Structures are given as structure tokens and as C-alpha cells.
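1. quick one: sequence plus predicted model below, questions after.
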Amino acid sequence: IIISIIYNILKVDPPLPIYQPTMVNADLVDSSIQDQRKYHTIADFKLINQNGDTITQDNYKDKIYVADFFFTTCATICPIMTANMVDVQEAIKNDDDVMLLSHSVTPEIDTVAQLKRYALKKGVIDSKWNLVTGDKKQIYELARKSYLAVKTTGDGGPFDMVHTENFMLIDKKRQIRGFYDGTKKEDIDRLLKDIERLKKEND
């Protein structure tokens, strides 16, 4: 019994993986980076949030954050994803190290005013969670080449549409540390545990 207690005290979770393009389903990785085995990070970005503020990578400097892709008029998986992200927000609302970032995949519809209405309806805390809109090509390139979140076909043009249930966990070095199904409670539970594991890495 004593040995078991000591083992449980000393047991340390292994570090979360640092995802590289070669570790992800090739269908989700742009051909230009499919052979990349290290140094993959989220690219710089410049988008607009629900308050009309410019949001860049600097707003997430030295932060752990959870990212996803959605649209406000989605009636299928997005309401479930948003409800689960609200649960994540509740869990991290007093944690200065953790933020959320949701990218609209229909930026021509999801204007600042539309995002603000959605944010108010869902109870978004502005200091914790940015809902962002902006240039469609930039958002789609982020989804495909940075977050490795969606199938790579398409160019971000007028008829291009991405749809993914993935939540991505990003560390303070802008590296992907986890993928989660944003429609499944068990994955949200795993995400919250992984956030705590990631914070311990930084201690």
C-alpha cells in the first residue's frame, strides 16, 4: 500500500505531443507542408473580433488557447460546439493563462455586428474569448496550413467552405498540443485535463 501511495505521488504525466504535419492525417495537411517534421507553429494573423477590435497573434502572446472554426448561422454541429466552448470558458474564466479563439468560416455573413449579437446571446466573456472575422482567404489558410483542422481542397474563394468539429489546443510557443472533437463531452473533459497538464509544463 505504501509503495502504491508513493508511486501515485511521484507519477508524472508525460508531456503532451507537439503536433507536426507528418503526425496528422495527410488529408488535413496542405501538400506544401506534408513532409514537415518539426518547427510547425501557428502563423501570424490579423483579424477583427466581436467588438471591432483588431486581433493578432500578439493578443495571445504567452497564452495557452483553444481555437476552433464556426459560423453563426450553422444549425448542425456549431451550436453543440459553442455550448461546449462556453463550458470551457466557464472552467478557465479566472485563469489568466488561458484564452479562446473562434474563427468564422463565413466572414462575409459574420460581420462584427453579427458576431456581437452571437457573443451576447452565448454569454461570451470578451476578455477570454474572441470571435473573429476578416479576410476569408487568410482564415481558410490558417485552418489548413496552421491549425491542420480541415481538408486541404479549396482556395478560400467564394464557393469554398470549410466545416470542422475540431478544437485545437495551442501552447505558449504557438504549437499544436492537442485535437479534440468539439461535439463530444468526453473530449471536452480531456481538453480541460490537457490544459492543466500543459500549464504544469510551463511551471
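-> Looks like it arrived, so ask away. Residues are numbered from 1 along each chain as shown.

2. next helix or strand past the lowest-mean-pLDDT helix or strand in the chain?
-> Using mean pLDDT, DSSP states H and E, the weakest-scoring helix or strand in the chain turns out to be helix 2-10, at a mean of 55. Moving toward the C-terminus from helix 2-10, the next helix or strand (DSSP states H and E) is strand 46-48.

3. any low-confidence regions in this structure?
-> The chain contains residues with pLDDT under 70 at 1-11, 151-161.

4. which residues in it form strands?
-> 46-48, 54-56, 64-70, 98-104, 129-132, 166-170, 176-181 (DSSP state E).

5. deepest of those strands, which one?
-> strand 129-132 (a mean of 26; mean count of other Cβ atoms under 10 Å). The way it works is simple: take the backbone N, C-alpha and C, and place the C-beta from them, glycine included.

6. which other residues reach that strand?
-> 47-50, 55, 59, 85, 89, 99-104, 110, 115, 118-119, 124, 139 (Cβ atoms under 8 Å, 6 or more residues apart in numbering).

7. ok so, going back, quick one: closest of the strands of the chain to Lys200.
-> strand 64-70 (11.3 Å; Cβ to Cβ).

8. angle of that closest one against strand 166-170?
-> 160 degrees (axes from the mean of the first three to the mean of the last three Cα atoms, to 10 degrees).

9. so what strands line up beside strand 64-70?
-> Using DSSP bridges, strand 64-70 pairs in its sheet with strand 98-104 (parallel), strand 166-170 (antiparallel).

10. how about TSV for the strands of the chain, with distance to Arg144 added?
-> Written out in TSV, the entries for those read as follows (distance: least, Cβ to Cβ, whole Å):
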stretch	distance to Arg144
strand 46-48	16
strand 54-56	19
strand 64-70	10
strand 98-104	12
strand 129-132	16
strand 166-170	12
strand 176-181	13
